[in-house]
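> how would this look folded up:
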Amino acid sequence: MRNAKITELDRVAREASDLLGAMANEKRLMILCHLIDGETTVYSLALQEHWKSRAKLAALTKAMTRTVELAGRAGVARIGVPRIGTGLGGLDWPRVKSVLTKIGDETPVEIVVFEKFVRARPE
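Sure thing, here's the model as predicted:
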């Protein structure tokens, strides 16, 4: 029985490692670097049932609506997001942008979209 628990733990750890590997990319890390100046709150949105599956616009709508609701309650005035769901998720950027714009128009929380990755020049 103990070996079964270790085997299950190994499987779950591998899945977590795969997910974290998929999430750790330059664009997401760039957003975190922009947030270094002062206190930050980070929300993680799930748009896919599995990181290998396609994202769904309905999941984006639900996740962003809940995120701005939580942010508003916490006193967060602005949320920064990448072109969410358009990478591995496979969503069409104009449709995603339309969803983000609609949600942004319905809330006092400002949604800032980082549409383009720009690498800083070395000093």
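> I'd like the next helix or strand past the helix or strand of the chain with the lowest mean pLDDT.
The least trusted helix or strand in the chain, going by mean pLDDT, DSSP states H and E, turns out to be helix 26-34, with a mean of 59. As assigned by DSSP states H and E, the chain's next helix or strand after helix 26-34 is helix 57-74.
> now for that next one, which elements pack on it?
With contacts taken as 3 or more Cβ pairs under 8 Å, 6 or more residues apart in numbering; DSSP states H and E, helix 57-74 sits against strand 78-81, helix 93-105. The way it works is simple: take the backbone N, C-alpha and C, and place the C-beta from them, glycine included.
> Which positions in it come out as buried?
Residues of helix 57-74 classed as buried under the neighbour-count rule (16 or more other Cβ atoms under 10 Å) are 57, 59-60, 63-64, 67-68, 71.
> and the residues you listed, which two are the farthest apart?
Maximum pairwise distance among the buried residues of helix 57-74 (Cβ to Cβ): 20.6 Å, between L57 and A71.
> want to throw the helices and strands packed on helix 57-74 into a markdown table with mean pLDDT and distance to P122?
Formatted as a markdown table, the entries for the helices and strands packed on helix 57-74 read as follows, by pLDDT from 0 to 100; distance: least, Cβ to Cβ, whole Å:
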| stretch | mean pLDDT | distance to P122 |
| --- | --- | --- |
| strand 78-81 | 86 | 24 |
| helix 93-105 | 93 | 30 |
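> Mean neighbour count, the ones you listed: which tops it?
Counting by mean count of other Cβ atoms under 10 Å, strand 78-81 has the highest mean neighbour count of those, with a mean of 17.
> Please name every helix or strand in contact with that strand.
Right, strand 78-81 is packed against helix 26-34, helix 57-74, strand 110-113 by 3+ Cβ pairs under 8 Å, 6+ apart.
> how about 10 Å then?
helix 26-34, helix 57-74, helix 93-105, strand 110-113 (3 or more Cβ pairs under 10 Å, 6 or more residues apart in numbering; DSSP states H and E).
> Can you list the low-confidence ranges for the chain?
1-4, 6, 16-42, 117-120, 123 (pLDDT under 70).
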